[in-house]
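**Student:** missing the sequence, but the structure's below:
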DNA sequence: AAGCTTTTCGCAAACCTTTGCGGAAAAACA
DNA sequence: TGTTTTTCCGCAAAGGTTTGCGAAAAGCTT
């Protein structure tokens, strides 16, 4: 049951040469004669020699590993971003270690501490929903461990990040609603302290202004972005004397849940209430009616975050933090196009 | 920009004692006087000493890391299983390194080789769709690296695995259809060489026999489990002279896509065609009508796979391979209950 | 043939930790 | 006081790799 790996020493002993010669021979160092190099490489292949990465990491002080902290791995958005991260890091020869905070501030802190103790070369983080203070990132900065945020971000003046064009996207959606005959446009938002909530809210408001629509607190609801929370928020909106004729949702999952509740109450989508979501996950085109959604380039966001991080940790100089804003596009489907405009 | 971590040597120098004493003091070894231990621990805390995991791994020949190989991380089922693996391994002090094969045999091989070179302590694998020969697992076995399969498995007589009760589940679904008035029950299956396909097909056939229904090749379609593949398979079924009145799908994603196509053609679900899927992902209750599905205990499957693996690698003896079969339950929703039985 | 350059390889330190063993000093005992 | 035990700590090896430097051997020049 014992794993037994051959080491440089084993090869050296067998060939009756020194360890350093074996090491050099394997990488075609000019100090080694071609004949010896040949012989060493032959034996190495035959005995299936693979360098022990832990010895190298110990020596080089780098792990070729990056840590990823996300709120939840089962959510389409995060899984897809991870997929992009994985694609870029694999290409660059890095491994990824993934931990999920389950939206818990406490767990987020623990995870980060663990990852730091693991000596990852860098971190890519999406804040948990509970996270409202950001002191625990001081440790990372003091450690000189490169860090990149995506989607839910903070301290952007010090730390690089990748986000969507939330403001513009929300503003566009609001106009899109208006152009399709909606005048009472509601917004089911996420927790107020998150940047995505703030930015999308600001865009929503700006869009209302653009269209000359009144801003009404009645039409604003927030939720914790769970299906249950979305349902409650929807019920609040449906309880209004004058009901909304459109609902913008902070993400697709919330939209799905809200749509379900709206249909259950007997309203028609989109004629009674139009819908638009954020993310554009696969299921947006599966639900009935198909959901209009702000398409996020999730895979590319992951790649970009990884690129930012690896650039940072391969250039010795600290470099100024960068804020990458990814362009989204509105994918228009049935849920937002009223057949009978008022 | 240089990361600087304090080592035992640093502490030793500062306290003018030997490295070994520092090491022992930190773990309250009886050879160290309480006063000295106190002093050392004090300094360690103050200077934020954290042991270098790579030095320990080098010494101990274990990495406290397990590798996970899955076809695709963006799929609900896999993400959810990973979530279960993560929960168990975190509890046991292991990290996980995730790689996805993207359903490619070639990539699967590369990944496994990489993970082995990384010296992970063990592997948890779900076969890619392309994988039809299993020689590349010899390397793992020769390496004495513990290995556990889940869902899509092979070589079960030599290698432990965690699977759902596919045969029973499919058989039950078939009966469920029959009890709800369906007599022409179709099955959109996955690739024929996969165990999940074979087992579910066998259960489906057995169920037909139970109900005294004829087995017809016309009612069998297979696909590559993508939405597009599912669409094509559905079209084949809808092209029959006598159409099916029920469709069992190899998973929910396939069911969603098939439902979409069926609705697009103007058929009513469930009255014209009833539906049941496998997995029971979140969206099963979001689509319209809500999808009846075989609920897999995904999270628990992940936990179980992790438990199997860690047991195996913590007990020095090889132990006999175990096959864990997880019980599923049929979650009945609207898609399979016809309002008007024939 | 003597001196010089080039080629080819080995020694040893370094990265950080754990641990068996030995040794000195202190304490306990006779 | 002399001897034995106990307490407390350090030495050194081990794990596998990389790399600066020194040294031997071979080749070359004149």
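**Tutor:** Done, it's in. In this text, all values refer to a predicted model and were calculated from it rather than measured experimentally.

**Student:** Within range of DNA strand C, give me the residues from chain A.
**Tutor:** Within chain A, the residues that sit near DNA strand C (CB under 7 Å from any atom of the strand) are A:16-21, A:30-36, A:55, A:58-59, A:61. C-beta: built from backbone N, CA, C; applies to glycine.

**Student:** Please enumerate the helices of the stretch 101-250 of chain A.
**Tutor:** Residue ranges of the helices in the stretch 101-250 of chain A, as given by DSSP state H, counting those that start in this stretch, are A:105-117, A:137-142, A:166-179, A:195-210, A:227-238.

**Student:** same question for the last one, mean pLDDT?
**Tutor:** Read it as helix A:227-238. The predicted model assigns helix A:227-238 a mean pLDDT of 97.

**Student:** got it, and the third one?
**Tutor:** For helix A:166-179, mean pLDDT rounds to 98.

**Student:** same check, this time on the second one
**Tutor:** Within the predicted structure, the mean pLDDT of helix A:137-142 is 89.

**Student:** Which strands or helices does that helix pack on?
**Tutor:** helix A:105-117, strand A:147-150 (3 or more CB pairs under 8 Å, 6 or more residues apart in numbering or on different chains; DSSP states H and E).

**Student:** Adding mean pLDDT, mean neighbour count and distance to DNA strand D as columns, could you present those in TSV?
**Tutor:** Converted to TSV, the helices and strands packed on helix A:137-142 look like this (pLDDT from 0 to 100; neighbours: other CB atoms under 10 Å in any protein chain shown; distance: least, CB to the nearest atom of the strand, whole Å):
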stretch	mean pLDDT	mean neighbour count	distance to DNA strand D
helix A:105-117	96	18	17
strand A:147-150	97	27	27
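
**Student:** who wins for proximity to residue B:324 among the ones you listed?
**Tutor:** helix A:105-117 (28.0 Å; CB to CB).

**Student:** Tell me which residues touch the closest residue to residue A:129 other than its chain neighbours, please.
**Tutor:** For residue A:129, the nearest residue in space outside its immediate sequence neighbours is residue A:103; the separation is 4.2 Å by CB to CB, 6 or more residues apart in numbering or on different chains. Contacts of residue A:103 were listed using CB atoms under 8 Å, 6 or more residues apart in numbering or on different chains, and they are A:71, A:72, A:128, A:129, A:130.

**Student:** Nearest to chain B within chain A, name that residue for me.
**Tutor:** residue A:288 (3.9 Å; CB to the nearest CB).

**Student:** give me the number of residues near the closest residue to that residue other than its chain neighbours?
**Tutor:** With CB to CB, 6+ apart as the measure, residue B:288 is the residue that lies nearest to residue A:288, at 3.9 Å, once sequence neighbours are left out. The tally of other residues near residue B:288 (other CB atoms under 10 Å in any protein chain shown) stands at 17.

**Student:** How about residue A:60?
**Tutor:** Residues near residue A:60, counting by other CB under 10 Å: 10.

**Student:** Which stretches in the stretch 1-150 of chain A count as strands?
**Tutor:** Secondary structure of the stretch 1-150 of chain A (DSSP state E, counting those that start in this stretch): strands at A:65-70, A:95-100, A:122-125, A:147-150.

**Student:** Just put the ones you listed in CSV and tack on distance to residue A:6.
**Tutor:** Formatted as CSV, the strands of the stretch 1-150 of chain A follow (distance: least, CB to CB, whole Å):
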stretch, distance to residue A:6
strand A:65-70, 24
strand A:95-100, 22
strand A:122-125, 32
strand A:147-150, 38
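
**Student:** Quick check: buried residues in stretch A:12-25?
**Tutor:** Within stretch A:12-25, the residues that qualify as buried by neighbour count (16 or more other CB atoms under 10 Å in any protein chain shown) are A:12, A:15, A:17, A:21, A:22, A:23, A:24, A:25.

**Student:** can you tell me how far the first one sits from residue A:196?
**Tutor:** Here the criterion is CB to CB, to the nearest Å. By it, residue A:12 lies 57 Å from residue A:196.

**Student:** try the last one
**Tutor:** From residue A:25 over to residue A:196 the distance is 54 Å, taken as CB to CB.

**Student:** shouldn't residue A:116 be in contact with residue A:144?
**Tutor:** No. At 11.0 Å, residue A:116 does not count as touching residue A:144 under the criterion of CB atoms under 8 Å.

**Student:** can you tell me which two in the contacts of residue A:103 are farthest apart?
**Tutor:** A:72 and A:130 (12.4 Å).

**Student:** coming back round to it: quick one: the buried residues of stretch A:12-25 as TSV, columns for pLDDT too.
**Tutor:** As requested, the buried residues of stretch A:12-25 are arranged in TSV below (pLDDT from 0 to 100):
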residue	pLDDT
A:12	94
A:15	93
A:17	94
A:21	94
A:22	95
A:23	96
A:24	95
A:25	95
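
**Student:** For stretch A:297-305, give me every contacting residue.
**Tutor:** Outside stretch A:297-305, the residues within contact range by CB under 8 Å, 6+ apart are A:76-77, A:80-88, A:124, A:148, A:150-151, A:162, A:164, A:279, A:324, A:326-328.

**Student:** How about stretch A:169-186?
**Tutor:** Outside stretch A:169-186, the residues that touch it by CB under 8 Å, 6+ apart are A:199-204, A:206-208, A:210-211, A:213, A:216, A:219-221, A:237, A:242-248, A:270, A:274, A:276, A:278, A:292, A:294, A:328, A:330, A:332, A:336-338, A:341-342.

**Student:** Inside strands: which ones of the residues you listed?
**Tutor:** Helix and strand membership here follows DSSP state E; of these, those in strands are A:220, A:221, A:246, A:247, A:248, A:274, A:276, A:278, A:292, A:294, A:330.

**Student:** when you check DNA strand D, which of the buried residues of stretch A:12-25 turn up near it?
**Tutor:** Residues shared between the buried residues of stretch A:12-25 and the neighbourhood of DNA strand D are A:23, A:24 [CB under 7 Å from any atom of the strand].

**Student:** which ones are touching the closest residue to residue A:327 other than its chain neighbours?
**Tutor:** The shortest distance from residue A:327 to any non-neighbouring residue, by CB to CB, 6+ apart, is to residue A:165 (5.7 Å). Taking CB under 8 Å, 6+ apart as the definition of contact, the neighbours of residue A:165 are A:325, A:326, A:327, A:328.

**Student:** ok, now residue A:146?
**Tutor:** With contacts defined as CB under 8 Å, 6+ apart, the neighbours of residue A:146 are A:121, A:122, A:123, A:309, A:312, A:313.

**Student:** from those, which is closest to DNA strand D?
**Tutor:** Out of the contacts of residue A:146, the one with the shortest distance to DNA strand D is residue A:121. That distance is 16.9 Å, counting by CB to the nearest atom of the strand.
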